[in-house]
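[1] Could you look at this predicted model? Sequence included:
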Amino acid sequence: MRRFHGFLMCLLIAGAHGCGSPAVERRASGALPTNVVLLVGDGFGVGAWTLAREWARASGVETVLDTPEALGFLTPHYDGGLVTDSAAASTAWSAGRLVPRFTIGADGKAPLFVDLANAGWSCGFVTTMRVTHATPAPFYAVTEHRDNEDEIAAQLVGARLPVAIGGGARHFLPDGDGGSRGDDRNLVHEAELAGITVLREFHAPLPPGAPVLGLLAPSHLPHEIDRGDGPDLPELAVAAIRRLQAEGRPWFLLVEEGSIDLAAHDFDAPSIAFDGVRLDRTVRAVLDATDRATTLVIVTADHATSNPVLLESARPESLGVVRASVRAMEQQIFEGESWNGTPDGLEEKALPIVDRGAGLTHLSPEDLDRLVAATNAYDRAAALGLAVSRRFGITFLPYDDLLRSDQVHGHTADLVPIRAWGPRAQDVRGVADHARIGRWLREVTRLPAAPR
Ligand SMILES: [Zn+2]
């Protein structure tokens, strides 16, 4: 990792230890970690972080993301341009090389978890997304496109990871049997026949011994505001740590809070804040459950999304009135269909729902026009999210530019933070790209340097 020793960065990292303190110097030059936790906030750029921490401050919650031992920044580049998707970013972390967007894994390179397992490490992941989704998949699978989730599911069963927990059961079950697979394979049965413990509901501690595959929802797990008493990401992460510790070998855990990116695509400022605070709570739980002398904890993002902006009029302290995500309100209003009636009819149906869900008592004629014109759930949620977020004085990249923009729907080229605690934490200072982080992960886990 390139170091940046400038005065500004010194100020930024001064929080816990101060620049040049003996502890910092010893770690920077010294011991490698025995264990690694990589936490990813999908879409958690500086705007999302700002929103989450202002909500936390307003509600009296202390955040741990403000006080890493070291802070740096990553460029969201991919092989072909400035703005990555999750698959290419995650592949760069796993393989140490920039690849084209939407790619899972790099040609001629084993995924990180395969190389680590061969070197005696226990590896696993927990995610709020489908276990076959773009962030976890490149750590254990190789396929040309992130949409090949049926195939990725088969590769996950074959990988026999000690812990793999998230949503996404639909890619493990045939059509008509609660799933959506394009073939007749029942991967839940296949996994069980292969000695893997398949959990459809979470309970801690995780069963010992056999690999654990947790499929806790048909698709993604819910946003924090819609979670109810469903499993919380901090408890999933700590249960996974305990399970990996029980293996008695060095271990590597990937933890993904992926709902932030979904919220940002929906212009859902409240859920960005709540899911961002869930990431912060998860980082705190991971730090509490591990030993700083042996475990390197890294928190970063693949890219920023939609760039939430808090203008002078922003009122993050008011977010406490929110009771539902924008996506949940969109589903309640539209029930999976475009609106066929008049804008007035839509207003009549929507207002009680958005009032109950977000204290929103007015939809402008422009809001209603956008909602009527939208032809899919994605655009309807984005139009509704704009109205909800505006109620709290929070805005985003221009809606029309964004819907027209590109294949990643408003991911941006903004630098994203990378934070670290523990052995070799200081290495993250400065500015790097995702591939450099991937090569560094191989260095600190003592894997041989792979050819680029
Ligand atoms: Zn995205």
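    Arrived safely. What you are looking at is a predicted structure, and each value in this text was computed from that prediction instead of being measured.

[2] Report the buried residues of stretch 155-163.
    Gln155, Leu156, Val157, Ala159, Arg160, Leu161, Pro162, Val163 (16 or more other CB atoms under 10 Å). For glycine as for every other residue, the C-beta is placed from the backbone atoms N, C-alpha and C.

[3] Which residue, other than its chain neighbours, is closest to the first one?
    Read it as Gln155. Spatial nearest neighbour of Gln155, excluding adjacent residues (CB to CB, 6 or more residues apart in numbering): Ala141 at 4.0 Å.

[4] those strands in this protein, which residues are they?
    35-41, 70-75, 122-130, 163-167, 197-199, 212-215, 251-257, 295-300, 304-305, 309-310, 394-395, 411-412, 416-421, 430-433 (DSSP state E).

[5] Quickly, which of those strands bottoms out on average pLDDT?
    Note on the strands of the chain: strand 411-412 shows the lowest mean pLDDT, a mean of 92.

[6] Note down every partner strand of that one and its orientation.
    Looking at strand 411-412 with DSSP bridges, its partner strands are strand 304-305 (antiparallel).

[7] ok so, going back, any chance of the strands of the chain in CSV with distance to Ala48 as columns?
    Below are the strands of the chain laid out as CSV (distance: least, CB to CB, whole Å):
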stretch, distance to Ala48
strand 35-41, 7
strand 70-75, 15
strand 122-130, 15
strand 163-167, 20
strand 197-199, 30
strand 212-215, 26
strand 251-257, 11
strand 295-300, 13
strand 304-305, 7
strand 309-310, 11
strand 394-395, 11
strand 411-412, 11
strand 416-421, 9
strand 430-433, 19
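
[8] how about the ones you listed, which one is nearest Asp379?
    For the strands of the chain, the distance to Asp379 is smallest for strand 304-305, at 15.8 Å, taking CB to CB.

[9] And the contacts of that closest one?
    Residues outside strand 304-305 that contact it (CB atoms under 8 Å, 6 or more residues apart in numbering) are 42-48, 76, 260-261, 264-265, 410-412, 414, 416.

[10] buried stuff in the biggest helix by length in the chain?
    Longest helix of the chain, by residue count under DSSP state H: helix 269-289. Buried residues in helix 269-289, counted by 16+ other CB under 10 Å: 269-283, 285-287, 289.

[11] ditto for stretch 223-240
    The neighbour-count check on stretch 223-240 (16+ other CB under 10 Å) flags 223-227, 231-234, 236-240 as buried.

[12] CA-only coordinates of it in PDB, if you can.
    In PDB, the C-alpha atoms belonging to stretch 223-240 read as follows (Å, rounded to 0.1, in the frame of the first residue of the first chain):
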ATOM      1  CA  HIS A 223     -33.900  -3.100   5.300                       C
ATOM      2  CA  GLU A 224     -33.400  -2.400   9.000                       C
ATOM      3  CA  ILE A 225     -36.700  -0.400   9.300                       C
ATOM      4  CA  ASP A 226     -38.600  -3.400   7.900                       C
ATOM      5  CA  ARG A 227     -36.700  -6.100   9.900                       C
ATOM      6  CA  GLY A 228     -39.100  -6.600  12.800                       C
ATOM      7  CA  ASP A 229     -37.600  -9.300  15.000                       C
ATOM      8  CA  GLY A 230     -35.700 -11.000  12.100                       C
ATOM      9  CA  PRO A 231     -32.000 -11.600  12.600                       C
ATOM     10  CA  ASP A 232     -29.800  -8.600  13.000                       C
ATOM     11  CA  LEU A 233     -26.500  -8.300  11.100                       C
ATOM     12  CA  PRO A 234     -24.400  -7.800  14.200                       C
ATOM     13  CA  GLU A 235     -25.600 -11.100  15.700                       C
ATOM     14  CA  LEU A 236     -25.000 -12.900  12.300                       C
ATOM     15  CA  ALA A 237     -21.500 -11.500  12.200                       C
ATOM     16  CA  VAL A 238     -20.700 -12.500  15.800                       C
ATOM     17  CA  ALA A 239     -22.200 -16.000  15.400                       C
ATOM     18  CA  ALA A 240     -20.000 -16.400  12.300                       C
END
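
[13] starting at the chain centroid, how far to it?
    13 Å (CA atoms, centre = their mean, to the nearest Å).

[14] sorry, back to before: can you tell me which of the buried residues of stretch 155-163 is nearest Asp115?
    Looking across the buried residues of stretch 155-163 and measuring by CB to CB, the closest to Asp115 is Ala159, at 12.1 Å.

[15] any idea how far Pro136 is from that closest one?
    11 Å (CB to CB, to the nearest Å).

[16] what do you get for Pro218?
    Distance from Pro218 to Pro136, by CB to CB: 17 Å.

[17] Out of these two, name the residue with the larger neighbour count.
    Pro136 (33 against 16; other CB atoms under 10 Å).

[18] Excluding covalently adjacent residues, which one is nearest to the more buried one?
    Phe125 (4.8 Å).

[19] and that neighbour, how many neighbours does it have?
    Per other CB under 10 Å, the neighbour tally for Phe125 reads 27.

[20] circling back: can I get the buried residues of stretch 155-163 in TSV including distance to Asp344?
    Output for those, formatted as TSV (distance: CB to CB, whole Å):
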residue	distance to Asp344
Gln155	51
Leu156	49
Val157	52
Ala159	54
Arg160	57
Leu161	53
Pro162	57
Val163	52
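
[21] right, and out of those, which lies closest to Asn376?
    Closest to Asn376, out of all of those and judged by CB to CB, is Leu156, at 28.8 Å.

[22] Hmm, Pro138 and the closest one touching each other?
    No. Using CB atoms under 8 Å as the test, Leu156 is too far from Pro138 to be in contact (11.8 Å).
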